[in-house]
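[1] Kindly return the folded structure for what I paste below:
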Amino acid sequence: MISKIDKNADRKIRHVRVRKKVKGTAQKPRLNVYRSNRHIYVQFIDDVKGVTYVSASTLDGEIGEKVKDVNKNDAAKIVGAEAAKRALAKGITEVVFDRSGYIYTGRVEKVAEGAREAGLKF
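    Below you'll find the model as predicted:
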């Protein structure tokens, strides 16, 4: 019997490999994306201090109301834009994009598009 491939285990291996090179600093934090089946989460992380500066997700109150009646791709774009607005308010203008081992397509791409449109530089 053929065993089914565990895609999340493969993603975690890719994530560890990428994280060896991608580091967030105070001047250029790491924009981390995590996606579940229903929600998407974004964090701006300084790996040197081990601090999360800003976070946003579809579970946040004000964002949750905006994404209530839209599909997951549009919701990801809204989360990316809102996270970028919060980051710009904290003085973060440039980031390093960490896709967490996910393929750069679909919701992960939409988060990046929303953040770029809001004025964040990658």
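[2] Let me see the ranges of the helices in the protein.
    Assigned by DSSP state H, the helices in the chain fall at 7-19, 61-66, 72-89, 107-117.
[3] Tabulate those (TSV), appending mean neighbour count and mean pLDDT.
    (C-beta placed from N, C-alpha, C; glycine too.) Listed next are the helices of the chain as TSV, based on neighbours: other Cβ atoms under 10 Å; pLDDT from 0 to 100:
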stretch	mean neighbour count	mean pLDDT
helix 7-19	12	94
helix 61-66	12	92
helix 72-89	21	97
helix 107-117	21	97
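[4] Residue 33 is nearest to which of those?
    With distances scored as Cβ to Cβ, the stretch of the helices of the chain nearest to residue 33 is helix 107-117 (5.3 Å).
[5] then stretch 13-33 to CSV, C-alphas only?
    C-alpha atoms of stretch 13-33 as CSV (Å, rounded to 0.1, in the frame of the first residue of the first chain):
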residue,chain,number,x,y,z
ILE,A,13,11.7,20.9,6.3
ARG,A,14,11.7,23.7,3.7
HIS,A,15,11.0,26.3,6.4
VAL,A,16,13.9,25.2,8.5
ARG,A,17,16.2,25.3,5.4
VAL,A,18,15.1,28.8,4.6
ARG,A,19,15.3,30.0,8.2
LYS,A,20,19.0,29.3,8.2
LYS,A,21,19.4,32.3,5.8
VAL,A,22,16.4,34.6,6.5
LYS,A,23,16.9,36.6,9.7
GLY,A,24,14.9,39.6,10.9
THR,A,25,16.6,42.6,12.5
ALA,A,26,15.3,45.8,14.2
GLN,A,27,15.9,47.7,10.9
LYS,A,28,14.5,45.0,8.7
PRO,A,29,12.2,42.6,10.5
ARG,A,30,11.0,39.3,9.2
LEU,A,31,7.4,39.2,7.8
ASN,A,32,6.3,35.7,8.7
VAL,A,33,3.2,34.2,7.1
